[in-house]
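**Q** Fold the following for me, if possible:
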Amino acid sequence: MTNNLEGSAEKFLNLMDRLRQIGPQTAPPKEANISPSHLAYLTFSASHPGCGIQALAKGLKLSKPTVSIGVAQLEEADFFTRKPDPKDGRAIQLFLTPKGQKLHQRTYEFRCQKFEQLLKYLAPQERTTLNNLLEKAINIAENETQGETK
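**A** Numbers count the residues shown, from 1 in each chain. Predicted coordinates for the structure are as follows:
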């Protein structure tokens, strides 16, 4: 790898901390009184409608009991609804309620505004380079992680 990997990782971490401070000041999660971890459940479910507890747990790299508790809390708050899985009577499918869909959309818009605030000062080619390098690093890390779990 590189000679100064530890220093690069530390600088990247500091940049990510600074990135959290950029953009609109009122995040939708505060308005909805929802935790960042529960917001991750909504985000995953929006991308995987009808997923079950096991898929949600695997996708978020959490335990099934942890996810079950979080889903129950989100269901109680009317962000999730459960439906029986038509292929397996013992399983359930998770869907966002209209309230959950609205929160997901507001959160998505908030995140887009935040990154637009960051990217607007870069030239188009710089944006492309930044995105390409980040995607390359993430793809390699994902492939390496998937190799470890097999």
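
**Q** confidence score at the nearest residue to residue 46 once chain neighbours are set aside?
**A** In space, and not counting its chain neighbours, residue 46 is closest to residue 104: 4.6 Å by CB to CB, 6 or more residues apart in numbering. Where you see a C-beta, it was placed from the backbone N, CA and C, and this is true even at glycine. Per-residue pLDDT puts residue 104 at 93.

**Q** surely residue 104 meets residue 96?
**A** Yes - using CB atoms under 8 Å, residue 104 is in contact with residue 96, at 6.2 Å.

**Q** Please enumerate the shared neighbours of those two.
**A** 42, 46 (CB atoms under 8 Å, 6 or more residues apart in numbering).

**Q** Not counting residues beside it along the chain, what's closest to the residue nearest to the spatial centre of the chain?
**A** In the chain, the centroid-proximal residue (CA atoms, centre = their mean) is residue 40; its distance is 4.7 Å. Leaving aside its sequence neighbours, residue 40 sits nearest to residue 60 (CB to CB, 6+ apart; 5.8 Å).

**Q** Check whether residue 84 sits in a helix, strand or coil.
**A** Of the three states, residue 84 takes strand under DSSP: H, G, I helix; E, B strand; the rest coil.

**Q** who touches it in this structure?
**A** By CB under 8 Å, 6+ apart, the contact set of residue 84 is 91-93.

**Q** ok, 10 Å please
**A** By CB atoms under 10 Å, 6 or more residues apart in numbering, residue 84 lies in contact with 90-93.

**Q** Kind regards, and thank you for your time.
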